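Q: Coordinates for the following, if possible.
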Amino acid sequence: MAASEGAAAEGSVIAIHSLDEWSIQIDEANSTDPKKLVVIDFTATWCGPCHVMAPIFADLAKKFPNVVFLKVDVDEMKTIAEQFSVEAMPTFLFVKGGDVKDRVVGAVKEELVKKLELQMAQ
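A: Below is the predicted model:
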């Protein structure tokens, strides 16, 4: 995704390249609906399992257009990764109203899908 693509259309993954972009996306999700689910993929360019999960994450974004899907490169956005104590890649966080509700660490498609569906039901 190009850096010039700011707010992406529903059903797509939004890459975060600045703290401003991060704030805009989180604030927008929380202001439209405090129970809106935001799923964050903490990734790295050098991470093989991250590359395996990227198309799966993109497919989930298409299947769940009412969920906000964000992608954060831990090397580019260290402060965000540190804020959420991300230590392994990929790490997926499920956030509602600014609170982390769940996480998946590692390239485990089944667990990612299961927890996404669980969070959608709550």
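
Q: So the residue sitting nearest the centre point of the chain, which state does it fall into?
A: Nearest to the mean C-alpha position of the chain, counting by Cα atoms, centre = their mean, stands residue 40 at 1.6 Å. When classified by DSSP: H, G, I helix; E, B strand; the rest coil, residue 40 comes out as strand.

Q: now it: how far from residue 115?
A: As judged by Cβ to Cβ, to the nearest Å, residue 40 and residue 115 stand 13 Å apart. Bear in mind the C-beta positions are built from the backbone N, C-alpha and C, glycine included.

Q: Residues that sit against both of those two, list them.
A: residue 92 (Cβ atoms under 8 Å, 6 or more residues apart in numbering).

Q: Could you look up the SS state of the residue nearest to residue 104 when sequence neighbours are not counted?
A: In space, and not counting its chain neighbours, residue 104 is closest to residue 92: 4.4 Å by Cβ to Cβ, 6 or more residues apart in numbering. Three-state assignment for residue 92 (three-state DSSP): strand.

Q: can you pull the pLDDT of residue 92?
A: pLDDT, residue 92: 98.

Q: what sits up against stretch 55-75?
A: With Cβ under 8 Å, 6+ apart as the test, stretch 55-75 has contacts from 1, 10-16, 22, 25, 28-29, 36-45, 54, 80-81, 86, 89, 92, 109, 112-113, 116, 120.

Q: can you give me the offset of the helix or strand of the chain with the lowest mean pLDDT from its chain's centre?
A: Ranked by mean pLDDT, DSSP states H and E, the weakest helix or strand in the chain is helix 19-32, scoring a mean of 91. Chain-centre distance of helix 19-32: 12 Å, with Cα atoms, centre = their mean, to the nearest Å.

Q: going forward, begin numbering at 801 instead of 1
A: In the new count, where the first residue is 801, that last one comes out as helix 819-832.

Q: for it, which positions count as buried?
A: Across helix 819-832, burial judged by 16 or more other Cβ atoms under 10 Å covers 821-822, 825-826, 829-830.

Q: for the chain, what spans make up the helices?
A: For the chain, helices defined by DSSP state H occupy the ranges 819-832, 848-863, 878-883, 909-921.

Q: Dump the ones you listed to JSON lines, plus distance to residue 901.
A: Shown next, in JSON lines, are these (distance: least, Cβ to Cβ, whole Å):
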{"stretch": "helix 819-832", "distance to residue 901": "13"}
{"stretch": "helix 848-863", "distance to residue 901": "16"}
{"stretch": "helix 878-883", "distance to residue 901": "16"}
{"stretch": "helix 909-921", "distance to residue 901": "6"}
